[in-house]
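# based on what follows, work out the 3D shape:
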Amino acid sequence: TADCLEYEVKSVSRDDVNDIAILRVDGKNLKSLVLGNSDDAQVGQFVVAIGTPLGNYPGSVTSGIISGLGRSVTASSGGFWGSSRRYENVIQTDAAINPGNSGGPLLDANGDAVGINFATTSGADNISFAIPINGVKEKIAEYREYGKFIRPYLGVEYQLISSTEALLYKDVMPGALVTTVMKGSPAEKAGIKRADIIIKINDEGVSESFSTVIQKYKVGDKIDITVWRAGETKQLSATLVAAD
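Prediction:
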């Protein structure tokens, strides 16, 4: 904490899909940040990043502006859990963020948190990214209601086929090539089969990031699925359930 007190972490609840975690500690009179509204963020807006760059300089503060909104980025080992994954609709900032800043807040001029820092770029200066806080607030509300994070589940394993890759083969469309359909899953009930290529979820293409598209929905949502099978498109539907 700011007064140099240390607290033992009693439990950690992780949401790997959204790259956030909730840590439980026993403490009193702990001050908290106000969570702002990332939907109101604007390019050019002043922001401040707080973190522990390089793991050696706790409480470091850097300033800058929001450089872009709605960005897509693939983070490698710089991700919060140290694994590669694609992020959608994130905030770009030129506030200096270095390895070790992951998990620190991105604050607006009022001191409200509008994002969570998670990645920077190699080979370029002042291009860093933060997860918008509104999505985090939704997951916090979910955790408070259910005592855990709930992840919508379709029930397929897949391999993404990009638009460029699809051009190399006959009768192949960009999308998610289904390699396995889980028994008893919503996908199986919907009629999805191995070797199908899922090309759209509710008219949104999935060739860049299938899991990110699925995570936009909630447990119980019914989704329309467009698949490419044996040279033809088929329209299917599935109701998402909670992942185990």
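# so what touches the helix or strand hosting residue 164?
Per DSSP states H and E, residue 164 falls inside helix 163-166. With CB atoms under 8 Å, 6 or more residues apart in numbering as the test, helix 163-166 has contacts from 172-174, 207. Yep, even glycine has a C-beta here, placed from its N, CA and C like the rest.
# from those residues, keep the buried residues only.
173-174, 207 (16 or more other CB atoms under 10 Å).
# which residues does residue 235 bridge with?
For residue 235, the beta-bridge partners are residue 226 (DSSP bridges).
# how much space separates it from residue 190?
10 Å (CB to CB, to the nearest Å).
# who has more neighbours, these two?
residue 190 (21 against 9; other CB atoms under 10 Å).
# tell me the contacts of the more buried one?
So residue 190 contacts 225, 236-238 (CB under 8 Å, 6+ apart).
# which of these count as buried?
Among the contacts of residue 190, those that count as buried by neighbour count (16+ other CB under 10 Å) are 225, 236, 238.
# wait, the first one touches residue 204, no?
No. Counting by CB atoms under 8 Å, residue 225 stays clear of residue 204, with 10.8 Å between them.
# now do the helices in the chain.
Secondary structure of the chain, counting by DSSP state H: helices at 133-146, 163-166, 186-190, 210-214.
# mind showing which ranges of this structure have poor pLDDT?
Across the chain, the ranges flagged by pLDDT under 70 are 1-4, 76-86.
# by residue count, what's the longest strand in it?
Counting residues, the longest strand found in the chain (DSSP state E) is strand 60-75.
# look up how far residue 148 lies from residue 10.
15 Å.
# against residue 119, how distant is residue 50?
Distance from residue 50 to residue 119, by CB to CB: 16 Å.
# compare those two (neighbour count), which wins?
Neighbour tally, residue 50 and residue 119, criterion other CB under 10 Å: the higher count belongs to residue 119, 23 against 18.
# once you drop chain neighbours, what's closest to that one?
Nearest residue to residue 119, sequence neighbours excluded (CB to CB, 6 or more residues apart in numbering): residue 75, at 4.2 Å.
# count the neighbours of that neighbour for me.
Neighbour count of residue 75, defined by other CB under 10 Å: 22.
# surely it meets residue 87?
Yes. The pair residue 75 and residue 87 qualifies as a contact (CB under 8 Å) at a distance of 6.4 Å.
# please enumerate the shared neighbours of those two.
In contact with both residue 75 and residue 87: 118-119, 129, using CB under 8 Å, 6+ apart.
# which one of those sits closest to residue 154?
The nearest member of these to residue 154, counting by CB to CB, is residue 118 at 25.1 Å.
# isn't the closest one up against residue 129?
Yes. Using CB under 8 Å, residue 118 is in contact with residue 129, at 6.2 Å.
# residue contacts, residue 235?
Going by CB under 8 Å, 6+ apart, residue 235 touches 224-226.
# let's see 10 Å
Contacts for residue 235 (CB atoms under 10 Å, 6 or more residues apart in numbering) come out as 200, 224-227.
# next: residue 117.
Counting by CB under 10 Å, 6+ apart, residue 117 has contacts 49-51, 62, 80, 91, 93, 95, 97-98, 100-106, 128-131.
# which single one of the buried ones among the contacts of residue 190 is nearest to residue 21?
When those are compared for distance to residue 21 (CB to CB), residue 238 wins out at 29.1 Å.
# from residue 142, how far off is the closest one?
Residue 238 sits 21 Å away from residue 142, going by CB to CB.
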